[in-house]
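Provided below for reference: sequence and predicted model.
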2 protein chains.
Amino acid sequence: MSISNGRRPARGKKRQATITDVAATAGVSIGTVSRYLNGYQVRRDNREEIEKAIESHGYARSAVASAMKTDTLHMVGLMVPNCDEFHAGLLASLVTLLRIEGLATLTYCHGNNQASVEDAFNVFRTHRVDALIMTGFDQASNRISEVVGGGTPVVLYDNELRGLNVDCVKVENFESSRRAVRHLAELGHERVAVITGNLSHWTAQQRLRGYQAALEEAGLQADPGLVFQGYWTKHDGYAAMGRAWEADKRPTAVFSCSARMTFGALTFLKDQGARVPNDISLVSFDDVEMFELFDPTITAVAQPVHRIAESIKDLVVSRLNQEEFHSRLVNLPCEIILRNSTRRLQS
Amino acid sequence: MSISNGRRPARGKKRQATITDVAATAGVSIGTVSRYLNGYQVRRDNREEIEKAIESHGYARSAVASAMKTDTLHMVGLMVPNCDEFHAGLLASLVTLLRIEGLATLTYCHGNNQASVEDAFNVFRTHRVDALIMTGFDQASNRISEVVGGGTPVVLYDNELRGLNVDCVKVENFESSRRAVRHLAELGHERVAVITGNLSHWTAQQRLRGYQAALEEAGLQADPGLVFQGYWTKHDGYAAMGRAWEADKRPTAVFSCSARMTFGALTFLKDQGARVPNDISLVSFDDVEMFELFDPTITAVAQPVHRIAESIKDLVVSRLNQEEFHSRLVNLPCEIILRNSTRRLQS
DNA sequence: TTGTACGCGTTATCAT
DNA sequence: ATGATAACGCGTACAA
């Protein structure tokens, strides 16, 4: 097991002041101090004495000991696959918002590694987090089910997971993708490739479906030969763009389904000496700050990261406070930021 | 206080299996189970019974209860100012490396807000983290001193803080900056501006000194009128570049001391229609993935993020395991990535 | 090698 | 409104 106590005698640690110390110097019982700490009525003179004692001892309540009784550590687990721009922003917002609710955040970064995901669940369990926030993915379904079964709320983002009593925050992947690709169609593009993330992910499926819907609506044939799959990474985006570039009949536009894959695609195009949008138009899912600085600037679908964080926070807090819910679903709209990476096709 | 227990009855939570349950169904005493869990010798048949019992109960030790006795929660606090690319990378590496050592990570993002920093210290204290990782900054000196005084190791990165028994991991800010600016001087640039972060930060001072040293070595006068200060942000980088651009005698090159300020500077130049490196050469501190995709690609000083994380982890772990140290200092070299944002000046 | 029993710091229940 | 005291789950002397 990962926790072993043989070493680490915690020797250097000075004994922290306890509620008993405070009670003693305040001349009251620990019960009174505890009630004071938890916001109950305390006689005025006692309150003042307690406050003085707390001050003089530099006392801070131990959340650990508190959790022994209450089974509530005021701490949630946040599991992210990596720290790309999207997750970094989400993490920053989430940590801050949760803290305002009195919740600390235990972070785990699993790098899409199955063993690490397992390990993450273990950490969160032994540390007794009050709730768990993570992306939904099928491989984790059993573990999530266990967690929920144990009474710990789980809030998912990105991928919904049916059949579990968990809440989920998503963005309008289908709608946003459809609009993005419709934009390309309206510019006269008829051969539009798509660089998609792992299609076992619900998110990737939705984005692909949006792409297909837009083409159909434009009266175009969705050519399966123009769908290039990868695993959300820059590396795979590079490879996918390469295959798209070498396709029988080269597409005039491409819809890339994540920022990292867009980085890869752009790198490939740069290596090829291809120019955007002259040689090929491009629209990306995920807006990142730097797209504004690229040449050309990149047209992208912006996810409302902060609102996602807020929604997650709201769901977590309500689960923690209230009795019970059915699984809830929040679906947030995205914004399409039009920039210069697309051009109208001469007809 | 932020922890209030009036609400949140933790009602939904099912009672987790405890060591007592395991002992009962294994037909041994809790002492034996505990010893098994902590890796001591246990008679073979007992061990097998215990393992079966653990399995059947789905038992996972409570780190919380464990911490009551051992005063060790196997959890460290990580305080970051924000989640820019540097900190995101650091966080990802650190969280992963610490976990391998059996340590979970409690994250706090203070946004350079003084009140939030205070709050961060409070969270880490009430949650009884075993160690604390953060950037060194003077305003926090007193709180850090308290933490260290209480016996909790603190490891700083970026800024050293003298007079405290803490370890620190830095990069060779002075040397790297000097080399970066020397590169500009060697290309024939004589009027080199610097966009620096907050000079109350030791890091900013070092980078500025490196800049000055390089100019002196090249026999150039370091013009104080070419030093433009800001607060590490994109916004301030934009403004600083603006002032540099409007300087009496416009610089032919600029050394920007952080990635975010570089973003700002580039945005300004773009807004002006100025071309890099034709109109002005640029070198940035901090390398980010996207610099490779910019046009032109940006020459930059790359901090060894993963090695920083490793060093921090090493320092934390050794402090946690061993008795006592004097404050240690790790100084890591940076690499200069030459790209296309500078040009040789005609002489 | 094992079992027993106490204590860690806090909350919560009971009397008062 | 307050004080005394029993839990909470675990680690660890101590005795066996």
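Okay, I see it.

my guess is residue A:331 contacts residue A:172, does it?
Yes. Under the criterion of Cβ atoms under 8 Å, residue A:331 makes contact with residue A:172 at 5.8 Å. Every C-beta, even on glycine, is put in place using the N, C-alpha and C of the backbone.

who has more neighbours, the two?
residue A:172 (17 against 14; other Cβ atoms under 10 Å in any protein chain shown).

got the residues of chain A near DNA strand C?
Contact residues (Cβ under 7 Å from any atom of the strand) of chain A with DNA strand C: A:15-16, A:18-20, A:30-31, A:34, A:37-38, A:59, A:61-62, A:65-66, A:68-70.

if we go to 10 Å?
A:15-23, A:29-38, A:40, A:59-72 (Cβ under 10 Å from any atom of the strand).

If we check DNA strand D, which of those residues are in contact?
Among the residues of chain A next to DNA strand C, DNA strand D is touched by A:19-20, A:23, A:29-36, A:40, A:64-71 when using Cβ under 10 Å from any atom of the strand.

which ones are touching the closest residue to DNA strand C within the stretch 1-150 of chain A?
Here the stretch 1-150 of chain A gets closest to DNA strand C at one residue, residue A:19, 3.0 Å apart by Cβ to the nearest atom of the strand. Residues in contact with residue A:19 (Cβ atoms under 8 Å, 6 or more residues apart in numbering or on different chains) are A:30, A:33-34, A:37, A:59, A:61.

so which of the residues you listed is the most crowded?
Neighbour tally across the contacts of residue A:19 (other Cβ under 10 Å): the maximum, 26 neighbours, falls on residue A:33.

Let me see the contact set for it.
Residue A:33 makes contact with A:19, A:22-23, A:26, A:50, according to Cβ under 8 Å, 6+ apart.

So for whichever strand or helix holds it, mean pLDDT?
Assigned by DSSP states H and E, residue A:33 belongs to helix A:30-37. Regarding helix A:30-37, the rounded mean pLDDT is 97.

any idea which helix or strand comes after that helix?
Helix A:30-37 is succeeded, C-terminally, by helix A:44-57 (DSSP H and E).

which other helices and strands contact that following helix?
On a contact count with 3 or more Cβ pairs under 8 Å, 6 or more residues apart in numbering or on different chains; DSSP states H and E, helix A:44-57 meets helix A:19-26, helix A:30-37.

Make CSV out of these and add distance to residue B:134.
Rendered in CSV, the data for those read as follows (distance: least, Cβ to Cβ, whole Å):
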stretch, distance to residue B:134
helix A:19-26, 28
helix A:30-37, 27
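
Against DNA strand D, how distant is the residue nearest to residue A:81 when sequence neighbours are not counted?
Once flanking residues are discounted, residue A:81 sits nearest to residue A:112: 5.1 Å by Cβ to Cβ, 6 or more residues apart in numbering or on different chains. To DNA strand D, residue A:112 is 31 Å away according to Cβ to the nearest atom of the strand, to the nearest Å.

What of residue A:206?
42 Å.

ok, that residue - how many residues close by?
Residue A:206: 22 neighbours (other Cβ under 10 Å).

Can you show me the helices along the stretch 201-347 of chain A?
Counting by DSSP state H, counting those that start in this stretch, one finds helices in the stretch 201-347 of chain A at the ranges A:202-217, A:234-245, A:259-272, A:305-321.

Tell me which of those helices sits nearest to residue B:182.
helix A:259-272 (28.9 Å; Cβ to Cβ).

for the closest one, packing partners?
Using 3+ Cβ pairs under 8 Å, 6+ apart: helix A:259-272 touches strand A:192-196, helix A:234-245, strand A:253-256, strand A:281-285.

Brilliant, that's me finished.
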